[in-house]
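Undergrad: Sequence and predicted model, in that order:
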Amino acid sequence: MLYYKIENSVDGILSAIFESFLKKEYPDNLVFGGFEVSIFDTLKEIKVDEERVKRVKSALNKYNQFALEKISYAFRYGEDIKLKIIFDFAYITIDKKKNLLKMFNNPIILAFNDIVDRISLERHRFLGFVRFIETDKGILYSHISPDHDISDLLFSHFKNRLNTPFIIHDTKRDKVVLFNGNDKQIVYTKKLPTLYLHENEEYFSELFKRYFDSVNIKERKNTKLQDRYMPRRYRKNLTEFKTKKPL
């Protein structure tokens, strides 16, 4: 098997596509980091080349003006299989010289559209799953751990609805989206400054939990439906599922 070892980035994938066309070979998989292969396999390291990336981007834009936007979106997928899925999609677009996104019977297009759809679905879900707490400085803070890299995709929604600075912290990726009331900034850090709750925050959190319980009628409880719309893997960050304290 032929493996391309690339930089874990969109440019890394595009550099691999240029190499594939240049050498008239097709890798069985794309890997990064400390990946090791058996003695029966071949590992070929592909370094990012800006000129080659530029040429691949130009070709993609020629055949599909939305290809690069879709690829950047797909790269947010939370599993490493995205590298080969994106590679296959970009390669076939250039090879066939046309927009294939609506070719739903093609397994390459199906796989690509699937990861894009999964990211869109999770973003949509998290517009309702983000729970902010207020700090003593008046800044709203939320910590989330989504399956995919969507934290900055949530920004515009909350910017348009919150008239105050806020922080969305993706604890799974150590990614922090900061809004100071005027500008957005994205930083990567394993440790945030210590945040202290506003004196009324605990009280309002408990009220919210009580409200959540009050609108859930025990006789009509539908666990399967709740699990579908509010997956259990997200609940650790949701206020209403944390242990209640007496008011």
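TA: Structure's in. What do you need?

Undergrad: Just the strands from the protein, written as ranges.
TA: Ranges of strands in the chain, per DSSP state E, are 2-5, 29-31, 42-45, 133-134, 140-144, 166-170, 175-179, 184-188.

Undergrad: Provide a list of residues in contact with the most centrally placed residue in the chain.
TA: For the chain, residue 149 is the residue whose C-alpha lies nearest the centre (CA atoms, centre = their mean; 2.2 Å). Counting by CB atoms under 8 Å, 6 or more residues apart in numbering, residue 149 makes contact with 76, 78, 170, 173, 175. Yep, even glycine has a C-beta here, placed from its N, CA and C like the rest.

Undergrad: excluding its backbone neighbours, what's nearest the fourth one?
TA: Read that as residue 173. Counting by CB to CB, 6 or more residues apart in numbering, residue 173 lies nearest to residue 149, which is 6.2 Å off, once chain neighbours are set aside.

Undergrad: can you pull the pLDDT of the one you found?
TA: On pLDDT, residue 149 comes in at 98.

Undergrad: again with residue 65
TA: At residue 65, pLDDT is 91.

Undergrad: and what of residue 211?
TA: 57.

Undergrad: before we move on, what about residue 185?
TA: 95.

Undergrad: Kindly report the same for residue 48.
TA: On the pLDDT scale, residue 48 gets 97.

Undergrad: Could you list the buried residues of stretch 117-127?
TA: 118-119, 122-123, 125-126 (16 or more other CB atoms under 10 Å).

Undergrad: meant to ask about stretch 82-96, not that
TA: Going by 16+ other CB under 10 Å, stretch 82-96 has these buried residues: 82-94.

Undergrad: Please report phi then psi for residue 75.
TA: Per-residue torsions, residue 75: phi -70, psi -10 (degrees, to the nearest 10).

Undergrad: Residue 56 versus that one, what's the distance?
TA: 15 Å (CB to CB, to the nearest Å).

Undergrad: more crowded one of these two?
TA: residue 56 (23 against 19; other CB atoms under 10 Å).

Undergrad: residues contacting that one?
TA: Per CB under 8 Å, 6+ apart, neighbours of residue 56: 14-15, 17-18, 90, 94.

Undergrad: What sits closest to it if chain neighbours are left out?
TA: Counting by CB to CB, 6+ apart, residue 14 is the residue found nearest to residue 56 once chain neighbours are left out, at 4.3 Å.
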